[in-house]
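[1] 3D model of this:
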Amino acid sequence: MSIDAAAETARLLATLSPEETARAVSYTQGGHWLLLWGAVVSLLVSWIIIRLGVLSAIRDKLERRRRRPKLVSLLVGLVYLTLSSLLTLPWSIYESWWREKQYGLTSQPLAGWLGEAALSGLISVVIGAVLLVGLYFLIRHARRWWWVWGAGLSAVVVIVMLLVSPLVIEPLFNTYTPAPNGAVRDAVVELAHKTGTPDDKIYIYDGSRQSDRYTANVSGLFGSARVAMSDVMFAKGADIAEVRGVVGHEMGHYVHMHSLWMAGILILLAGIVFFAIDRLFPLARRWLGAGRVGEVSDPAGLPVLAAVAAVIGLLLTPVMATMTRTIEADADRFSLEQANEPDGLAKALIKTAEYRAPSPSAVEEFLFYDHPSVESRVRRAMEWKAAHPPGSAAD
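    As a prediction, this is how the structure comes out:
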């Protein structure tokens, strides 16, 4: 029986009510504006911290008798990161909790969100301050080429976090329970054997604690990989075909080492950002009125550095979106080839449309979407189904 991929795609998209589609469009397009306003908030926070003068005061006090560059970098970094977290807290509450609550994407109470935000902030401040010591060491000693060495430092950090985060950090926020024996576990183990993914760490975690988003992931590198499925999947009625389709996609990220590809590209982008900071720092320092800040090697100039990084990061949004969108498309292909569950993958994708408008314009998708649109992903799944009918070699 032949399949009309376009008609099947339209039929699946039509399972979303007009109200659901309108809400998804509103949420998604509002998220685009958040990118701009987030950069504006970063600039405002940098300006406020400079006006407070606290970082320069700490530097001057510590270096009153002799230079202590490492200690200055550490303490100034701790104070800056703490101040920045506190000043951006109202914006973070709006962006990450209130807005999610308004669109029905979380049931987490504010107290719970604040507790997790405090823990996450503490981890970020401690790790960030240590990294800033290393960065400013490179700026002082590598001089004109510090941005190259800074990109190398970024490489080390990314790799370490890929290894450590699933084992140490993620369990602080969620409970990971081994998937019970049964059809779901059997399907995942079978697919793991087929794709060469480790099958000894298959978990279901309480993702509903933070979000109502339908999701799964395969995290870790090499033999440390862990398959984790959010309980939201099953609360939203995921069947075996959906599980195979979704987990097959996530296994594609692991088998094709997308995390390492992403790390490599992020390192190149880090080099670009550091280079831009090096060149634009004097201009940004003048515009922000940071008269007490020295050269780029002065840790008291952290707000200036952060302001430049925020602007460059905003401009790089289409680059980042294209990079991740390409990787996500490759993971979809992997799932279709290995799991061969086009209907299951398509049904799961429709369930993600509540937080990702399914049919954006080509320009909107290029500029902002870090995944291919739901419509295009479903259409590709239906095209695969049409080209690989039951009983074919790929079945």
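
[2] Can you say which helix or strand has Gly31 in it?
    helix 18-52 (DSSP states H and E).

[3] And that helix, what does it pack against?
    Judged by 3 or more CB pairs under 8 Å, 6 or more residues apart in numbering; DSSP states H and E, the packing partners of helix 18-52 are helix 69-87, helix 89-93, helix 302-315, helix 362-368. For every residue, glycine as well, the C-beta is placed using N, CA and C.

[4] Make TSV out of the ones you listed and add mean pLDDT and mean neighbour count.
    TSV is the format used below for the helices and strands packed on helix 18-52 (pLDDT from 0 to 100; neighbours: other CB atoms under 10 Å):
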stretch	mean pLDDT	mean neighbour count
helix 69-87	95	19
helix 89-93	97	15
helix 302-315	95	21
helix 362-368	95	14
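
[5] Out of those helices, which gets nearest to Val45?
    helix 69-87 (4.6 Å; CB to CB).

[6] Surely Thr177 forms part of a strand?
    Yes - assigned with DSSP: H, G, I helix; E, B strand; the rest coil, Thr177 falls within a strand.

[7] now it, nearest residue through space, not along the chain?
    Ile204 (5.6 Å; CB to CB, 6 or more residues apart in numbering).

[8] number of nearby residues for that neighbour?
    With neighbours defined by other CB atoms under 10 Å, the count for Ile204 comes to 21.

[9] repeat for the one 5 residues further on
    Taking other CB under 10 Å as the neighbour definition, Arg209 ends up with a count of 17.

[10] if I look at it, how far off is Leu266?
    Going from Arg209 to Leu266 by CB to CB, to the nearest Å gives 28 Å.

[11] For the residue in the chain sticking out farthest from the centre, give its distance to Leu75.
    Going by CA atoms, centre = their mean, the residue of the chain most distant from its centre is Arg65, 43.7 Å out. For Arg65, the distance to Leu75 (CB to CB) stands at 16 Å.

[12] Just the strands from this protein, written as ranges.
    Along the chain, counting by DSSP state E, strands occupy 176-178, 202-205, 216-219, 226-230.

[13] quick one on the thing from earlier: report the beta-bridge partners for the residue nearest to Thr177.
    Thr177, Met229 (DSSP bridges).

[14] how about JSON lines for the helices and strands packed on helix 18-52, with distance to Glu190 added?
    As requested, the helices and strands packed on helix 18-52 are exported to JSON lines (distance: least, CB to CB, whole Å):
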{"stretch": "helix 69-87", "distance to Glu190": "45"}
{"stretch": "helix 89-93", "distance to Glu190": "42"}
{"stretch": "helix 302-315", "distance to Glu190": "41"}
{"stretch": "helix 362-368", "distance to Glu190": "34"}
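
[15] Of the ones you listed, which is nearest Tyr214?
    By CB to CB (comparing all of those), the closest turns out to be helix 362-368, at 20.4 Å.

[16] which other helices and strands contact that closest one?
    For helix 362-368, the elements it packs on are helix 18-52, helix 317-338, judged by 3+ CB pairs under 8 Å, 6+ apart.

[17] Between the ones you listed, which one is closest to Thr177.
    Nearest to Thr177 among the helices and strands packed on helix 362-368 is helix 317-338 (24.2 Å), distances taken as CB to CB.

[18] Run the chain-centre distance for the closest one.
    Relative to its chain's centre, helix 317-338 lies at 14 Å (CA atoms, centre = their mean, to the nearest Å).

[19] Next: stretch 214-222.
    With CA atoms, centre = their mean, you get 13 Å for stretch 214-222.

[20] how long is that stretch from one end to the other?
    Stretch 214-222 has its terminal residues 26 Å apart, counting by CA to CA, to the nearest Å.

[21] any residues touching it, and which ones?
    159, 162-163, 165-167, 170, 197, 201, 207, 225-230, 232-233, 236, 238, 246-247, 250-251, 253-254, 259-260, 348, 351-352 (CB atoms under 8 Å, 6 or more residues apart in numbering).

[22] likewise stretch 18-35?
    Defining contact as CB under 8 Å, 6+ apart, one finds that stretch 18-35 is touched by 16, 95, 99, 103, 105, 314, 317, 353-358, 360, 364, 367-368.

[23] Of those, keep whichever come out buried.
    Neighbour counting by 16 or more other CB atoms under 10 Å classes 16, 95, 99, 103, 105, 317, 353-358, 360, 368 among these as buried.

[24] Out of those residues, which two are the most distant from each other?
    The two members of the buried ones among the contacts of stretch 18-35 with the most space between them (CB to CB) are Leu16 and Thr317, at 26.7 Å.

[25] returning to that earlier point: out of the buried ones among the contacts of stretch 18-35, which one has the lowest pLDDT?
    Ranked by pLDDT, the buried ones among the contacts of stretch 18-35 bottom out at Glu354, which scores 86.

[26] What are the phi and psi values at that one?
    phi -70, psi -20 (degrees, to the nearest 10).

[27] Not counting residues beside it along the chain, what's closest to it?
    Spatial nearest neighbour of Glu354, chain neighbours left out: Ala24 (5.6 Å); criterion: CB to CB, 6+ apart.

[28] Around that neighbour, how many other residues sit close by?
    21.

[29] what's the pLDDT at it?
    pLDDT at Ala24 comes out at 95.

[30] Now do the buried residues in stretch 216-236.
    Per 16+ other CB under 10 Å, stretch 216-236 contains these buried residues: 216-220, 225-234.

[31] Widest-spaced pair of these?
    Among the buried residues of stretch 216-236, Gly220 and Phe234 lie farthest apart (CB to CB), at 22.5 Å.

[32] of all the helices and strands packed on helix 18-52, which lies closest to Glu328?
    Per CB to CB, nearest to Glu328 of the helices and strands packed on helix 18-52: helix 362-368, 11.9 Å.

[33] just to revisit the earlier point, tell me the most buried of the helices and strands packed on helix 362-368?
    helix 317-338 (a mean of 18; mean count of other CB atoms under 10 Å).
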